[in-house]
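**Student:** This is a predicted model, with the sequence first.
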Amino acid sequence: MRWNGIIEAYRRFLPVNAKTPVVTLNEGNTPLIFSPRLSEMVGKEASVYLKFEGLNPTGSFKDRGMTVAISRAVEKGAKAVICASTGNTSASAAAYAARAGITCAVLLPKGKIARGKLAQALICGAQVIALRGNFDEALRLVREIGESYPVVIVNSINPDRIEGQKTAAFEVMDVLGDAPDFHFLPVGNAGNITAYWKGYREWKEAGISKKLPRMMGFQAAGAAPVYYDKIVRSPDTLATAIRIGNPASWKKAQMAIAQSNGCVDIISDAEILAAQKWLACNEGIFVEPASAASIAGILKCLGKRACKQCPLADEMRASLLPRPVKIVCTVTGHGLKDPDVVNLQGLKTVTVWPTVDRVIRAMGL
Ligand code: AN7
């Protein structure tokens with residue numbers, strides 16, 4: 001069957017009507033990839049799946065929310081949209097605005113955007129404004145501009161974004177037949193964890209699914225306002241996508257974690273890099289550093305340094321895990337967006353003269 005994007009697939013759960021002009025790049029329908037090695041690490045009868053959102057049209061989960069936000073903006077007659085971004089929202093907004101034929105302005109923290117994301121926003125013709133400030137300052141400006149100028153904000157403070165993003169939970173349930181037991185996610189501006197929880201709840205309330213997952217959120221240690229329950233004035237992490245100190249959906253994310261009996265924890269930049277490398281080397285999936293946060297998270301839960309409140313670690317120790325247990329980790333963005341990370345990983349090519357002998361020696365044979 002032909003896939004025409006998330007609005008067509010899940011129309012009756014979304015804030016659209018027959019007259020809404022659908023601006024789509026056929027986003028969604030991303031694969032839920034079984035991870036044999038993570039499953040084995042969790043234990044017998046465990047299945048761990050990776051929701052690979054890097055396979056959306058602009059390479060991140062943001063496209064799900066953007067198709068709804070831009071379609072609705074066009075429906076309202078908007079001629080321009082604006083967003084603050086750590087990179088992926090700007091890439092997505094630029095692409096969908098280009099498709100809609102409207103103007104897009106993006107406010108980015110100068111020098112803190114992965115190279116691929118910047119290229120995406122620029123090539124799609126967005127007005128790219130580098131701010132001498134961080135994401136939180138950019139979002140504050142966008143809120144102010146949205147109040148006084150005729151532009152639609154397409155950050156996740158626009159509820160249409162959350163509505164679109166909740167379709168990822170629908171897709172997970174469509175594939176698994178029900179919600180998983182645990183859902184692991186990176187947390188930055190906290191929109192995505194809010195959206196998944198909304199999606200899971202809606203289908204449970206509609207009687208389509210039976211279970212609700214425990215929401216497991218992970219923040220970079222240097223940018224962890226939800227974990228510390230405190231605004232971080234100068235957030236810092238090499239995972240630039242989640243370099244956020246005052247998340248827009250903070251309260252809703254806390255609610256999702258509390259209501260689902262889940263957990264929020266931190267991982268260090270070193271753990272993020274290690275998880276990114278581990279996933280690429282062991283499962284062949286290259287994700288950007290922020291996305292590796294969910295993998296670093298599950299690895300932490302399975303290891304000795306699991307946080308005290310971690311339900312997964314607790315239940316594993318006490319053999320209380322439901323059997324068979326199902327776990328989903330969302331990997332939010334594609335690794336190709338941030339190619340410079342190979343330098344941080346300390347990875348290098350080997351250069352040799354063009355002889356068989358030299359090549360064989362370089363191969364270590
Ligand atoms: C790859 O693009 O905030 O907790 O401006 O790009 O919903 O914010 C990106 C966030 C995780 C965090 N993974 O999700 C932006 C932006 C990737 C991301 C997150 C982002 P939220």
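**Tutor:** Sure, I can see it. Source: prediction; values computed, not measured.
**Student:** what residues does the stretch 251-365 of the chain put near the ligand?
**Tutor:** Contacts of the stretch 251-365 of the chain with the ligand, taken as CB under 6 Å from any ligand atom, map to 288, 290-291, 332-333. The way it works is simple: take the backbone N, C-alpha and C, and place the C-beta from them, glycine included.
**Student:** ok, 8 Å please
**Tutor:** Neighbours of the ligand within the stretch 251-365 of the chain, by CB under 8 Å from any ligand atom: 253, 287-288, 290-291, 293, 332-333, 337.
**Student:** Residues touching the one helix or strand in the chain whose mean pLDDT sits lowest, excluding its own?
**Tutor:** None of the helices or strands of the chain scores lower by mean pLDDT, DSSP states H and E than helix 311-317, at a mean of 77. When contacts are defined by CB atoms under 8 Å, 6 or more residues apart in numbering, helix 311-317 is touched by residues 42-43, 182, 214, 216, 261-263, 298, 301-302, 306-307, 320-321, 327.
**Student:** Which positions in stretch 158-168 come out as buried?
**Tutor:** Across stretch 158-168, burial judged by 16 or more other CB atoms under 10 Å covers 158, 160-168.
**Student:** what's the answer for stretch 333-352, then?
**Tutor:** 333-335, 337-338, 341.
**Student:** between those residues, which is nearest the ligand?
**Tutor:** G333 (3.1 Å; CB to the nearest ligand atom).
**Student:** Run through the chain and note the low-pLDDT ranges.
**Tutor:** Along the chain, segments meeting pLDDT under 70 span 318-319.
**Student:** before we move on, the earlier item: can you list contacts of the helix or strand following the least confident helix or strand of the chain?
**Tutor:** Remark: after helix 311-317, the chain's next helix or strand is strand 325-331, criterion DSSP states H and E. Applying CB under 8 Å, 6+ apart, the external contacts of strand 325-331 come out as 32, 35, 38, 42-43, 45-54, 61, 168, 172, 176, 180-186, 192, 196, 213, 279, 285, 287, 291-292, 294-295, 297-298, 312.
**Student:** what are the C-alpha coordinates of the helix or strand following strand 325-331, in PDB please?
**Tutor:** With elements assigned by DSSP H and E, the helix or strand that comes after strand 325-331 is helix 341-344. The C-alpha coordinates for helix 341-344 follow below in PDB (Å, rounded to 0.1, in the frame of the first residue of the first chain):
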ATOM      1  CA  VAL A 341      31.500  13.700  15.400                       C
ATOM      2  CA  VAL A 342      34.000  11.200  14.000                       C
ATOM      3  CA  ASN A 343      36.800  13.500  15.100                       C
ATOM      4  CA  LEU A 344      35.400  13.500  18.700                       C
END
